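Enquirer: attaching a predicted model along with its sequence, questions to come.
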Amino acid sequence: MSKNFLFIMVMVGMLFTVGCEQINRGGVVTTKDMIYQMPGENIVTRWYSYENVNADKGAGGQDQYGRKGAASVTIPAGDSHVMVDAKGSGTIRRIWFTLWDRKPKDLQGLRIEMYWDGAKTPAVSGPVGDFFCHSWGHMVRFENEFFSSGEGRNFNCCIPMPFKKGAKIVMVNESGRTNRMHYEVDVTLGDEHGDDMLYFHSFWSREDFDGKPRSDKVILPYVQGRGRFLGCHLGVKRKKSTKAFWWGEGEVKIYLDGDGDFPTLCGTGTEDYVSTAYGQGVFGNMYHGNQFLSENEDAYGFYRLHVPDPVYFHEDIRVTIQVMAGAMFDEMSAAMESDKDLKLMKTGKGDEYFTLAELKANPQGWSKIEAQDDWFAMAYWYMDKPENALGAIAGAKERMSDLP
């Protein structure tokens with residue numbers, strides 16, 4: 001065996017080792033961890049469930065003489081249940097739960113909140129359906145890197161969520177009716193987190209752009225700090241201006257570290273952002289997919305997770321997507337003839353509209369349109385602060401209204 005070959009093999013091994021260490025230090029993709037190494041004695045595993053609400057040692061499953069006496073908890077309308085109240089340092093590893101009632105208004109009316117290190121405001125706030133990638137309150141079978149529902153009856157999340165002083169997870173029932181929940185939150189306690197640790201955040205918003213053409217849906221509002229945009233779960237419900245058209249021409253724009261009118265990162269279209277092309281049907285991959293499509297194809301739910309393609313920010317960040325459609329000229333003219341009040345704004349400055357005359361003159365033409373659809377966004381990101389100053393999300397009435 002030549003010396004040159006041995007040298008090359010040694011260098012490859014060193015690069016592989018360094019690469020693994022870099023993946024592990026990232027703290028996001030846990031499947032690359034050295035799972036066969038025993039941690040220090042100060043790190044312990046705890047499961048929070050209604051069978052052991054405080055996850056105390058040797059205190060699980062005591063009700064009914066240990067024979068499954070407290071497998072679920074009732075949450076009356078207007079009440080809440082603390083799923084986790086951990087003290088000290090640790091990491092949320094997995095969240096699983098299911099509900100007795102799983103209708104759209106249940107999924108949109110129940111709100112999940114997460115607090116880190118004794119913060120007064122939640123770092124995570126959103127309807128449980130949209131947070132766990134069940135779009136518009138409709139449950140489907142799907143799987144991606146961080147969320148899954150093997151048979152469309154449960155909620156799974158495996159995003160690592162570290163904390164230094166404590167963690168609290170609360171389920172708030174604003175659905176207007178009593179529900180019942182089985183749950184299990186798996187945690188390691190005693191983890192040592194350094195100064196480079198980032199806190200997990202998530203924020204939900206919805207906006208109906210009816211009457212507001214030439215708009216951008218804000219996915220992640222402006223936040224200051226240092227961190228990483230982890231991705232988003234988005235949903236669109238087509239309105240009359242795009243019922244007959246392709247709705248997804250809008251570009252995702254990510255404004256980083258002091259960007260002004262124009263972003264540093266800019267995509268090329270909605271379906272392109274979720275890594276497909278020329279339309280968007282139902283599909284699912286680890287980092288991108290369209291897992292929900294309503295029966296009449298008026299509503300979509302889709303996700304993009306920035307795991308292999310990290311989006312870092314060092315000062316501030318804001319993420320948007322354009323509310324924009326596209327159609328053939330003959331489709332536009334047919335829509336305008338069937339609805340005499342329909343106006344289709346051209347993309348651009350916002351002061352020009354298509355006329356029937358120009359559309360009929362070139363029926364094979366195609367163009368973009370400023371749309372007026374109904375959107376929601378669930379943003380996921382890590383940041384160096386346990387609070388994000390974004391305020392409360394919309395109330396239950398708005399979250400549950402006009403669902404597909």
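Expert: Sure, I can see it.
Enquirer: how about the helices in the stretch 301-404 of the chain?
Expert: Assigned by DSSP state H, counting those that start in this stretch, the stretch 301-404 of the chain shows helices spanning 329-338, 356-361, 396-400.
Enquirer: cool, the stretch 1-150 of the chain as well?
Expert: Ranges of helices in the stretch 1-150 of the chain, per DSSP H, counting those that start in this stretch, are 3-26, 63-66, 104-109, 128-131.
Enquirer: sorry, back to before: can you tell which of the helices of the stretch 301-404 of the chain is closest to Gly166?
Expert: Checking those against Gly166 by Cβ to Cβ gives helix 396-400 as the closest, at 27.5 Å. Glycine gets a C-beta too; all of them are placed from N, C-alpha and C.
Enquirer: residues in contact with the closest one?
Expert: Applying Cβ atoms under 8 Å, 6 or more residues apart in numbering, the external contacts of helix 396-400 come out as 104-105, 108-109, 111, 127, 137, 174-176, 204, 206, 393.
Enquirer: among the residues you listed, name the buried ones.
Expert: 104-105, 108-109, 111, 127, 137, 174-175, 204, 206, 393 (16 or more other Cβ atoms under 10 Å).
Enquirer: which of those residues lies closest to Thr320?
Expert: For the buried ones among the contacts of helix 396-400, the closest approach to Thr320 (Cβ to Cβ) belongs to Arg206, at 14.6 Å.
Enquirer: quick check, Arg228 in contact with Tyr312.
Expert: Yes: contact criterion Cβ atoms under 8 Å: Arg228 and Tyr312 qualify, at 5.4 Å.
Enquirer: more neighbours, those two?
Expert: Using other Cβ atoms under 10 Å, the more surrounded residue of Arg228 and Tyr312 is Arg228, with 19 against 13.
Enquirer: what pairs with the residue nearest to Asp79 when sequence neighbours are not counted across the strands?
Expert: Excluding its sequence neighbours, the residue lying closest to Asp79 (Cβ to Cβ, 6 or more residues apart in numbering) is Asn173, at 5.7 Å. Beta-bridge partners for Asn173, by DSSP bridges, are Leu110.
Enquirer: could you count how many residues lie near Asn173?
Expert: The tally of other residues near Asn173 (other Cβ under 10 Å) stands at 22.
Enquirer: what's near enough to touch it?
Expert: 75-81, 109-110, 179.
Enquirer: ok, Asp106 next?
Expert: Applying Cβ under 8 Å, 6+ apart to Asp106 gives the contacts 99, 137, 175, 177, 179.
Enquirer: what segments of the stretch 301-404 of the chain are strands?
Expert: For the stretch 301-404 of the chain, the strands defined by DSSP state E, counting those that start in this stretch cover 311-313, 316-322, 324-328, 345-346, 366-370, 374-383.
Enquirer: check which helices and strands the last one is in contact with.
Expert: Applying 3 or more Cβ pairs under 8 Å, 6 or more residues apart in numbering; DSSP states H and E, one finds that strand 374-383 contacts helix 128-131, strand 199-208, strand 216-224, strand 227-237, strand 316-322.
Enquirer: alright, I will stop here.
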